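# For reference, the sequence and a predicted model appear below.
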Amino acid sequence: MTRMKWMLAVGAVAASATLWACATMGHGGGQEGGGGQQGGGGISAPGTCEGPYPNYWQDPKFTSTGMWMGQEISNQPPTDWNGPVFRLSQQYPSELPAEQNEPWMAFNPFKPGLSQEEMHKQAHEYSWAVLHYIQEGNVDQGASGGDIEKDWTLCNNPVRHWVHMPFQTYEPLSGREFVHGLTREAPVTFKLKDKSELKSTVWAVGFYNPRAAYTLGQVWKPNGTPVFPTSNVAFPDGAVIGKLLFTTANEKQLPILANMPKWKANISSAEFCMCEPCSFQKISNECKRTLGEVTLMQVDIAVADKRSPSGWVYGTFVADGQAKASEKNPWDRLSTLGLMWFNDPPPAGKLAKFEPVDPRKNGFTQEVIEWDVVDRWNADSDGGHLGCNSRLDGPADSTRSSCLSCHMTGSVPDKTRATPAFIVTPNDKPKEGQCAEAPGQPDVDATYFANLACSTPFSGTGVKKPQYANGATQWVSTDFSLQLSIGLDQWAEWQSDQVDEPTGPRVMEGILPAR
């Protein structure tokens, strides 16, 4: 969950809104921002994959709009390409779909008074119920022994309509690649048992179920112009998000990746290409995309569940290809790393680094960790690192954070296209800040490991104030959605570049959250 910093041109973000009440349904006023991009024409793909937003970075349907002005083109299908080409699923329901009796509702790891053993059992079953729900209609090829390159084609799902997050396409280093719509995330350096280091990069794609899609549709309008919320967003109960995270590492480097699904993808260097400050044109030239192979390493799930004290449940699966080699469905060659629904905050004046005491022995009260899976990952590398004091975080994530600590910072970008930092670590004082080791530094921990409820502004020590055009002094919550922050940030950058830099090089001076 690292943060990518970019130089960005200053411009105003449209301030307008739709309001949802957390796990219920309320409404508030808003108006659409101006200057939306509608170009590119129709998309011929069936199902939900038709709409005004680009499918991937350098989508040729948007060349005439100037969106890729002056860039080196390396992310379009070659003339002889016969593999899949990603289509953004972007038909968002105008009415909230009815709640269903979903399979995870049979399990309740949040029920007060459960023993550690029972809490682990409930969490394990809850996680798999959600994962198999996400897979329905999306993994037909792989599950039947077919071509897994055809899986996760949301346009063709016969079970339910899943959608993607728009506009993760403008920023050239992280922008979606054309094969499967993967976006570039954090660089990850593994320390191997032979003391060497393995540099890798994570590429990921996320999916939203129909109830989550309704909320996205309140922001991403069918005319190609989003509505920037000025009141806290809240996804309805039953919203589900899934995310596949692939690595450029392979099973020879990390044996636990054996037997895992592999995809072709149009990616840049496995060693993170740093270009800062750097124009979009220079990034596109120095960080060209080429066809390569990535391996499934992690799957994240998130569920809006009113039974959870935070309103959300976050879970992580990790590759376990050696232990799960006999699984017929390659997308099931995973194990649950854990499930969390609150942050297990440290007591007042204490540090999250040391509280709770010895969670491996004593367990957590608001999350579970599968320690046997951690040990299998750590057999060959430090990939089973978890987060601060073993709070839930996967091998693609930060050791100083946790799933909820990271995602609860999700906010609508302000007029400088900034959002709250989701990891606070002073460069000159590595033992201070978030997950600090230094005595007497508990204030940032109190902010970043608080039990923050859904749809609540993120604030406290270490959190800067926003600069919204309407003068609001609190961050507008995106209800734990960092992808919504990223999409709005990139759309606002595109709007600014049309006004401020019609002919010159385009650069970013804001900060994009990477997860």
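It's in.

# tell me what the longest strand anywhere in the chain is packed against?
Criterion DSSP state E: the longest strand present in the chain is strand 290-304. Contacts defined by 3 or more Cβ pairs under 8 Å, 6 or more residues apart in numbering; DSSP states H and E place strand 290-304 against helix 116-135, strand 197-208, strand 240-247, strand 262-267, strand 312-319. Glycine gets a C-beta too; all of them are placed from N, C-alpha and C.

# The stretch 51-200 of the chain: helices as residue ranges?
Taking DSSP state H, counting those that start in this stretch as the criterion, the stretch 51-200 of the chain carries its helices at 116-135, 140-143.

# Kindly compare burial across the ones you listed and name the winner.
Mean neighbours per residue, mean count of other Cβ atoms under 10 Å, is largest over these for helix 116-135, with a mean of 19.

# Can you check which of the helices and strands packed on strand 290-304 gets nearest to Glu293?
strand 262-267 (5.5 Å; Cβ to Cβ).

# Tell me what angle the closest one forms with strand 290-304.
110 degrees (axes from the mean of the first three to the mean of the last three Cα atoms, to 10 degrees).

# which residues are contacting strand 262-267?
Here strand 262-267 makes contact (Cβ atoms under 8 Å, 6 or more residues apart in numbering) with 74-75, 83, 148-149, 177-180, 182, 184, 201, 203, 246, 248, 289-296.

# Please indicate which of the residues you listed are buried?
For the contacts of strand 262-267, a burial check counting by 16 or more other Cβ atoms under 10 Å picks out 74-75, 83, 148-149, 177-180, 182, 184, 201, 203, 246, 248, 289, 292, 294-296.

# before we move on, the earlier item: same list, the helices of the stretch 51-200 of the chain, but as TSV with mean pLDDT and distance to Pro430 please.
Formatted as TSV, these follow (pLDDT from 0 to 100; distance: least, Cβ to Cβ, whole Å):
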stretch	mean pLDDT	distance to Pro430
helix 116-135	98	33
helix 140-143	88	42
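
# could you redo those helices as TSV and give each row distance to Leu404?
Formatted as TSV, these follow (distance: least, Cβ to Cβ, whole Å):
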stretch	distance to Leu404
helix 116-135	14
helix 140-143	30
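
# Ile486 is nearest to which of those helices?
Checked against Cβ to Cβ, the stretch from these lying closest is helix 116-135, at 20.7 Å.

# which helices and strands sit right next to that closest one?
Secondary-structure packing of helix 116-135 (3+ Cβ pairs under 8 Å, 6+ apart): strand 240-247, strand 290-304, strand 312-319, strand 334-340, strand 367-369.

# strands paired with the fourth one, and their directions?
Using DSSP bridges, the strands paired with strand 334-340 are strand 312-319 (antiparallel), strand 367-369 (antiparallel).

# so of those strands, which one's packed in deepest?
For these, the highest mean count by mean count of other Cβ under 10 Å goes to strand 312-319, at a mean of 28.

# Give me the mean pLDDT for that strand.
For strand 312-319, mean pLDDT is 98.

# Hmm, Leu198 is touching Phe190, no?
Yes - in this structure, Leu198 is within contact of Phe190 by Cβ atoms under 8 Å, at 4.3 Å.

# quick one: common contacting residues for these two?
Residues touching both Leu198 and Phe190 (Cβ under 8 Å, 6+ apart): 249, 253-254, 381.

# And the residues you listed, which is closest to Asp393?
Ser381 (15.3 Å).

# which residue sits closest to the closest one in space, ignoring its chain neighbours?
Phe190 (4.4 Å; Cβ to Cβ, 6 or more residues apart in numbering).

# so the one you found touches Ala249, yeah?
Yes - in terms of Cβ under 8 Å, Phe190 counts as a neighbour of Ala249; the distance is 7.0 Å.

# Give me the more crowded residue out of those two.
Ala249 (23 against 20; other Cβ atoms under 10 Å).

# That one: what's its closest spatial neighbour, skipping adjacent residues?
In space, Ala249 is closest to Ser200, 4.3 Å off (Cβ to Cβ, 6+ apart).
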